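A.B. asks: Kindly return the folded structure for what I paste below:
(2 chains)
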Amino acid sequence: MRNWLRTFLARNGIGLSVYLLGAVALWVIVMIILPQLFMLDFSFRNNWQQIDPSRMGGPDDVYTMVNYHFLAFGSPNNPDPFNVVDVTVFFRTIVAAICVTLFDLALCYPIAYYLAQVARGGKARLLVLALIIPFWVNELLRAFAFRILFGEEGTINAILMGIGILSDPIDFVREDVALYAGLGYAYILLMIFPIYNVIESLDKNQIEAARDLGSSWWRIHRRVVIPFAKPGITSGCTMVFMLSAGALAAPQILGGPSSLWFTQIIYQWFNTGSNWPRGSAYAIVLMLTCVLLVLILMKLFKVKIGEIGR
Amino acid sequence: MTSGSVMRIAVGFYILLFFSYLFGPLLVMAFTAFNSSEFPSISPWNCFTDEWFEVLVKDNQLMGGLKSSLVVGFGVVLLAVPIGLAASLLITQLRSRARSVVYTIAISPILVPGVVLGISTLVFWERVDRVVLGAQDGFFYDGYFMTIIGQSTFIAAYSMLVFLARLQRFDPGLEEAALDLGATQTQVFRKILLPFLKPAIGSAAVLAFLASFENYNTTVFTIVSESTLTTVLASKVRYGINPSISSLAVIIIALTLIAAVVHEFLKRKEERQATAEALITNPAVIKASRSRRPWGLPIGALTAVLFVGVLGSLWMGRNYDVDECKVRVTEENRVKFEALKQQRLAEAKAKQLSSSQGQDSAVDSKQSSGQYQNIFAPSNLGQQIESDSGAEPQSETEAKDAKQYQNIFAPTNLGQQVESPSDSD
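C.D. replies: Numbers count the residues shown, from 1 in each chain, chains lettered A, B, ... in the order given. Got it, this is the predicted structure:
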């Protein structure tokens, strides 16, 4: 370590070394690690700040599992065996995020393959540009656009009723159709680009060889393209899953009145609930679950974390 | 038809479908900005108007949010880009094991949900404020400060990725040569590395600004009592909306399109220069440059069509008066509704009469009131008008508009009106 530091100093000079090490230390320690640790610490505490600030730091300010217990079992006088509302919302959020991810994968894989292997030159570049443009528009505005489309008096209902397919408008928002369509839409780009980047580096000759040897297009994809694109697929799925499980804007705008997203519950603990420790505990549970699922995915597909984001 | 052409058609159709999913919602939203209807929608098209842009500009909340978004955006650029640069330079100098550890930690903020980042930043700096400064609402517990820090946590990782991508193409020989020729470390950094990274610094800054500008999940926790454009937008969209938000979207989409066209133009120019230089040494490149040609035409044509379209609509619109149109639409709706009301009343009266002629009045009246509720359900009304006024092309518009009168002619209201005359019978 000391050796390394010496060569580092010699190579970069004092000023540059201080900048490099200082900036990275600031980032990694003060901005990434410490806040996470403090949040973890906070999640094991009572909400004295709101209940009775004078007891903060006193003998009563001890570590407790009360917040995690609340997530699992609800308040002490909860008649149900577990906290029905929060636990249901939690699992629905995770399952829905997985569904959104699979939907995006199915939707984006053909496009990514087309852009990377079939389309050429200017056309490919134009399509890529067209892909990027919608994602410069604010996330909230995109959700807003879906609300216009899917509202009870929205465009889709108007069209369906105009054609005569429907006699009464469908409440897409209540049925959560709007939410899933909006979430799937929001992260298309993050699914396409990792897959596109990998498939683009696949040698065309491999595909042609498989075709010459008589493989059907389905078999080519299953045996040649998909195994090759695995890092990109994993990377895209990770990003989409994480972002949709952690999404807040789209559920707030597009979510039905009776269905919550788990992040909305966290948000409520912080805003209207004024119980930061409990909100922190919920956030930790969400984060750990997501990270665990992603690690399992990577293990299954034998992809290292270092390959993500490239 | 061969299977190949079937396949090609299917692929084309899929791409068409995909891009309509991509652009459809944005287009619909853009159109709603020009409709005079109070609620953002296109299906009851009332009048073409630009009043929502005025409403947008006069919206103090949004404009205040925009200002603080700009402040936060610049703050994030100033903090995140240097950090990302330092991290990328450090990572390239680390050996394999340490390298993957630092890399994993550095990209972890991208993978952590934004909500969690916001919460941890809020909790941490609130504590620092309490412990270090001994005061609540001190310097660290400030919306701008915490938002800049919280956003930079993951935006620094974005800019690091941008720099790493550029550094992969850096030739370390240049550095060594400069050092051999007697340059100091700082000189090498300033004269060789920084100029090489200059384009990456530019794109990292743009990326950082945009990411900050449109961030919501982290900001909503860290901004505390202030508000940025996104938090204002979120509350506006959630509680009561009018098309001025669509007009904001139109502005953003327009800016994006312009930026994309400029970007494409600059890139082409750069490439043309490159081919021109290559031509001097190798005339065979002409072929390559010609193969790209066909796409210049459609883009040019598209721009021309857009230009003509804008000019044309301006020319057409010079005699167009929004207020006149609005008055006309309201008047039309009123007339439609008068007629409808008369007709409904007459029908209801007839029904009431026939039901009161029936023997079992108690049961009948209950049933009939149930029927009335169905008759006067808003959706039914809409359809009825449509069929009544099928001859007019605008019928659908007015039918939808009619809903604005829903409350006046609520089923219960009408029911009472109908019942009262029959009571006197």
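A.B. asks: Can you tell me the SS state at residue A:303?
C.D. replies: coil (DSSP: H, G, I helix; E, B strand; the rest coil).
A.B. asks: That one against residue A:229, yeah?
C.D. replies: No - using C-beta atoms under 8 Å, residue A:303 makes no contact with residue A:229, being 11.1 Å away. In short, each C-beta sits where N, CA and C put it, glycine included.
A.B. asks: With neighbour numbers in mind, choose between these two.
C.D. replies: Neighbour count, other C-beta atoms under 10 Å in any protein chain shown: between residue A:303 and residue A:229, residue A:229 has more, with 26 against 18.
A.B. asks: Ignoring the adjacent residues along the chain, who's closest to that one?
C.D. replies: The shortest distance from residue A:229 to any non-neighbouring residue, by C-beta to C-beta, 6 or more residues apart in numbering or on different chains, is to residue A:198 (4.8 Å).
A.B. asks: Give me the distance between the one you found and chain B.
C.D. replies: 15 Å (C-beta to the nearest C-beta, to the nearest Å).
A.B. asks: Next, count neighbours for that residue.
C.D. replies: Residues lying near residue A:198 (other C-beta under 10 Å) number 23.
A.B. asks: Look up how far residue B:241 lies from it.
C.D. replies: 41 Å (C-beta to C-beta, to the nearest Å).
A.B. asks: go on, residue B:266?
C.D. replies: Residue B:266 is 37 Å from residue B:241, where distance means C-beta to C-beta.
A.B. asks: do residue B:167 as well
C.D. replies: Using C-beta to C-beta, one gets 46 Å for the distance from residue B:167 to residue B:241.
A.B. asks: for residue B:248, same thing?
C.D. replies: In terms of C-beta to C-beta, residue B:248 sits 11 Å off from residue B:241.
A.B. asks: Mind checking which of those two has more residues around it?
C.D. replies: Set residue B:248 next to residue B:241 and count neighbours by other C-beta under 10 Å: residue B:248 wins out with 26 against 18.
A.B. asks: Just give the nearest non-adjacent residue to the more buried one, would you?
C.D. replies: In space, residue B:248 is closest to residue B:56, 5.6 Å off (C-beta to C-beta, 6+ apart).
A.B. asks: which secondary structure element contains the one you found?
C.D. replies: Element membership for residue B:56 (DSSP states H and E) is helix B:51-58.
A.B. asks: helices or strands next to that helix in the packing?
C.D. replies: Where contact means 3 or more C-beta pairs under 8 Å, 6 or more residues apart in numbering or on different chains; DSSP states H and E, helix B:51-58 is packed against helix B:244-281.
A.B. asks: Now find how far off-centre the helix or strand containing residue A:230 is within its chain.
C.D. replies: Following DSSP H and E, one finds residue A:230 within helix A:226-245. Distance of helix A:226-245 from its chain centroid, counting by C-alpha atoms, centre = their mean, to the nearest Å, is 11 Å.
A.B. asks: Kindly report the same for stretch A:2-14.
C.D. replies: Mean-position distance between stretch A:2-14 and its chain equals 39 Å (C-alpha atoms, centre = their mean).
A.B. asks: Stretch A:215-234 too?
C.D. replies: Averaging C-alpha positions (C-alpha atoms, centre = their mean) puts stretch A:215-234 24 Å from its chain's average.
A.B. asks: That one: which residues count as buried?
C.D. replies: Of all the residues in stretch A:215-234, those buried under the rule 16 or more other C-beta atoms under 10 Å in any protein chain shown are A:215, A:220-221, A:224-225, A:228-229, A:231-234.
A.B. asks: Could you chop the chain up by domain?
C.D. replies: Because you didn't say which chain, this covers chain A. With domains defined by automatic domain parsing, chain A comprises A:1-43, A:83-307.
A.B. asks: try again with chain B
C.D. replies: Using automatic domain parsing, chain B is parsed into the domains B:53-242, B:259-316, B:322-424.
A.B. asks: worst average pLDDT in those?
C.D. replies: The minimum mean pLDDT among these belongs to domain B:322-424 (a mean of 54).
A.B. asks: Relative to chain B, which residue of chain A is the closest?
C.D. replies: In chain A, the residue that lies nearest chain B is residue A:246 (2.4 Å; C-beta to the nearest C-beta).
A.B. asks: so how far is residue B:110 from that residue?
C.D. replies: Residue A:246 is 12 Å from residue B:110, by C-beta to C-beta.
A.B. asks: Which one of those two is surrounded by more residues?
C.D. replies: residue A:246 (25 against 22).
A.B. asks: Name the residue of chain B that lies nearest to chain A.
C.D. replies: residue B:113 (2.4 Å).
A.B. asks: Phi first, then psi, for that residue.
C.D. replies: Main-chain dihedrals, residue B:113, degrees, to the nearest 10: phi -60, psi 140.
A.B. asks: Correct me if wrong: it contacts residue A:243.
C.D. replies: Yes - Residue B:113 lies in contact with residue A:243 (C-beta under 8 Å); the separation is 7.4 Å.
A.B. asks: and among the domains of chain A, the most buried is which?
C.D. replies: Greatest average neighbour count among these goes to domain A:83-307 (a mean of 19), per mean count of other C-beta atoms under 10 Å in any protein chain shown.
A.B. asks: Centre of the chain to that domain, how far?
C.D. replies: That offset, for domain A:83-307, works out to 8 Å (C-alpha atoms, centre = their mean).
A.B. asks: Please apply the same query to stretch B:344-358.
C.D. replies: Taking mean C-alpha positions (C-alpha atoms, centre = their mean), stretch B:344-358 and its chain are 51 Å apart.
A.B. asks: What of stretch B:266-276?
C.D. replies: Taking mean C-alpha positions (C-alpha atoms, centre = their mean), stretch B:266-276 and its chain are 32 Å apart.
A.B. asks: Quick check: residues of the stretch 151-300 of chain A near chain B?
C.D. replies: Proximity of the stretch 151-300 of chain A to chain B, by C-beta under 8 Å from any C-beta of the partner chain, involves residues A:151, A:153-155, A:158-159, A:161-162, A:167-169, A:185, A:188, A:217, A:238-239, A:242-243, A:245-249, A:252-253, A:263, A:266-267, A:270, A:276, A:279-280, A:283-284, A:286-287, A:290-291, A:294.
A.B. asks: In helices only, show me these.
C.D. replies: Of those, the ones assigned to helices by DSSP state H are A:155, A:158-159, A:161-162, A:185, A:188, A:217, A:238-239, A:242-243, A:245, A:249, A:252-253, A:263, A:266-267, A:270, A:276, A:279-280, A:283-284, A:286-287, A:290-291, A:294.
A.B. asks: In contact with the residue lying closest to residue A:264 once chain neighbours are set aside, which residues?
C.D. replies: Counting by C-beta to C-beta, 6+ apart, residue A:264 lies nearest to residue A:251, which is 5.7 Å off, once chain neighbours are set aside. By C-beta atoms under 8 Å, 6 or more residues apart in numbering or on different chains, the contact set of residue A:251 is A:179, A:260-261, A:263-264.
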